[in-house]
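Q: quick one, fold the following:
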Amino acid sequence: MLTPMPGPGPIALVGSGEFLPAMSEIDAALLAGAARRRPRVAILPTASWPDGEEVFRRWASMGVEHFAALGAEVEPVLVRDRFDAEDRAHVQAIGEADLIYLSGGKPGHLTETLVGSPVGAALVAAHRRGATLVGCSAGAMALAARHWDVRKRRMFWPLRWRDALGLVPGVTVIPHYNAFPEPMAAMVVLQAPRGLATLGVDEDTALVGRDGSWQVQGAGRVTVWTGRQRERFRRGDVIRL
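A: Sure, this is the predicted structure:
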């Protein structure tokens, strides 16, 4: 259980599995850290919007059902695009949340929508006053310093690099790390901007931390690339970033 502390709240970088039973134990522990009988959760399915309204609504609904079953008061914050990211009601919902969850989809759309927007600013402010931030897949990529994106009609060379929210400074994230061949991950690492560590987070796995100290939770591993040096960490291992 995470003990409430003054200052910025915890961050969880999740490789995959948002709103599924595999994440229930981790999510319950994150909620317990709010020290509130019914913590307030805001679900941001923004990254899924390019896949259509039905997909977007489905992720929002899954998030509500998942966290309500864990005892939280849950509100879907239906930010589809930059226009919605200006909405004062959405800003207020983020500002009142104890835990804010960014689910998966397209990382480029997510950062284009949030970075520099009122909702993005509210998310950063909420974290600074102690709210927990969780990002899964594209959501995890968006919480890092920068994220990679595949260019049209290309695979992994050359990648496009975008500024992300910067809430985990000095890193970029590869989610679903164990789901594709590691030589492809190495292609991301080789193209990463100088000075960035690359975090490969396996599916059904989370890296949870604050103040530079992080712990691996869940079924898989976290792989940390610093330059061309690679280290692997398993459940319970602590990483300093």
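Q: hey, where'd the strands end up in the chain?
A: Ranges of strands in the chain, per DSSP state E, are 11-14, 40-44, 73-76, 99-102, 132-136, 146-150, 159-163, 171-174, 197-201, 205-210, 213-218, 222-226, 229-233, 238-240.
Q: for residue 54, which of the ones you listed is the nearest?
A: Nearest to residue 54, of all the strands of the chain, is strand 73-76, at 14.3 Å by C-beta to C-beta. The way it works is simple: take the backbone N, C-alpha and C, and place the C-beta from them, glycine included.
Q: so how far is that closest one off the chain centroid?
A: Remark: strand 73-76 is offset 17 Å from the chain centroid, using C-alpha atoms, centre = their mean, to the nearest Å.
Q: got TSV for the strands of the chain, with mean pLDDT too?
A: TSV is the format used below for the strands of the chain (pLDDT from 0 to 100):
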stretch	mean pLDDT
strand 11-14	98
strand 40-44	98
strand 73-76	98
strand 99-102	98
strand 132-136	98
strand 146-150	91
strand 159-163	92
strand 171-174	97
strand 197-201	97
strand 205-210	96
strand 213-218	97
strand 222-226	96
strand 229-233	95
strand 238-240	95
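Q: residue 110: how many residues sit nearby?
A: By the criterion of other C-beta atoms under 10 Å, residue 110 has 32 neighbours.
Q: now tabulate the strands of the chain in a markdown table and tack on distance to residue 118 and mean neighbour count.
A: Formatted as a markdown table, these follow (distance: least, C-beta to C-beta, whole Å; neighbours: other C-beta atoms under 10 Å):
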| stretch | distance to residue 118 | mean neighbour count |
| --- | --- | --- |
| strand 11-14 | 21 | 27 |
| strand 40-44 | 13 | 27 |
| strand 73-76 | 17 | 19 |
| strand 99-102 | 14 | 27 |
| strand 132-136 | 17 | 28 |
| strand 146-150 | 21 | 20 |
| strand 159-163 | 17 | 15 |
| strand 171-174 | 25 | 25 |
| strand 197-201 | 28 | 25 |
| strand 205-210 | 25 | 25 |
| strand 213-218 | 29 | 20 |
| strand 222-226 | 33 | 20 |
| strand 229-233 | 36 | 13 |
| strand 238-240 | 33 | 12 |
